[in-house]
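Novice: fold the following and give me the result.
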Amino acid sequence: MSPSVKQPVALPRVLRGYNRTERPRDPPTYWGIRFGQYKCIETVSTGETELYDLKVDPFELTNVAGQPKYASIKASLAQRLARLRTQPPR
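Specialist: Below is the predicted model of the structure:
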């Protein structure tokens, strides 16, 4: 690759979720972020956190949030998600 061509940068995507009975103007019931190979989802009402390694588990069948080897990834994504939740929309 030519030195003048920049490498792509992974940008986080913020997901806001609603139940079928909710309206879009209601606060979301969950928030999520996907960054690289990981997806982190926080449920507002319960405080539950889900973390998926999409490279290992593309169908999101195994929540790895409680596994010690993913603790730093979970903390990093939770921090990013909290920061993105509080930023005003552009």
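
Novice: going forward, measure contacts and count neighbours with C-alpha atoms only.
Specialist: OK.

Novice: all strands for this structure, in order.
Specialist: 13-17, 30-35, 38-43, 49-53 (DSSP state E).

Novice: partners of residue 39 in the sheet?
Specialist: Residue 39 forms beta bridges with residue 34, residue 52, as assigned by DSSP bridges.

Novice: neighbours around it, how many?
Specialist: The local packing of residue 39 (other CA atoms under 10 Å) involves 23 other residues.

Novice: wait, doesn't it sit right on residue 31?
Specialist: No: taking contact to mean CA atoms under 8 Å, the distance of 10.6 Å between residue 39 and residue 31 leaves them out of contact.

Novice: separation between the closest residue to residue 53 other than its chain neighbours and residue 45?
Specialist: Leaving aside its sequence neighbours, residue 53 sits nearest to residue 38 (CA to CA, 6 or more residues apart in numbering; 4.8 Å). Separation of residue 38 from residue 45 (CA to CA, to the nearest Å): 22 Å.

Novice: so for the two, which sits in the more crowded spot?
Specialist: Legend: neighbour count by other CA under 10 Å for residue 38 and residue 45, higher for residue 38 (18 against 9).

Novice: pull the contacting residues for that one.
Specialist: Residues near residue 38 by CA atoms under 8 Å, 6 or more residues apart in numbering: 51-55.

Novice: can you do 6 Å?
Specialist: By CA atoms under 6 Å, 6 or more residues apart in numbering, the contact set of residue 38 is 52-54.

Novice: any common contacting residues for residue 39 and residue 31?
Specialist: By CA under 6 Å, 6+ apart, no residue touches both residue 39 and residue 31.
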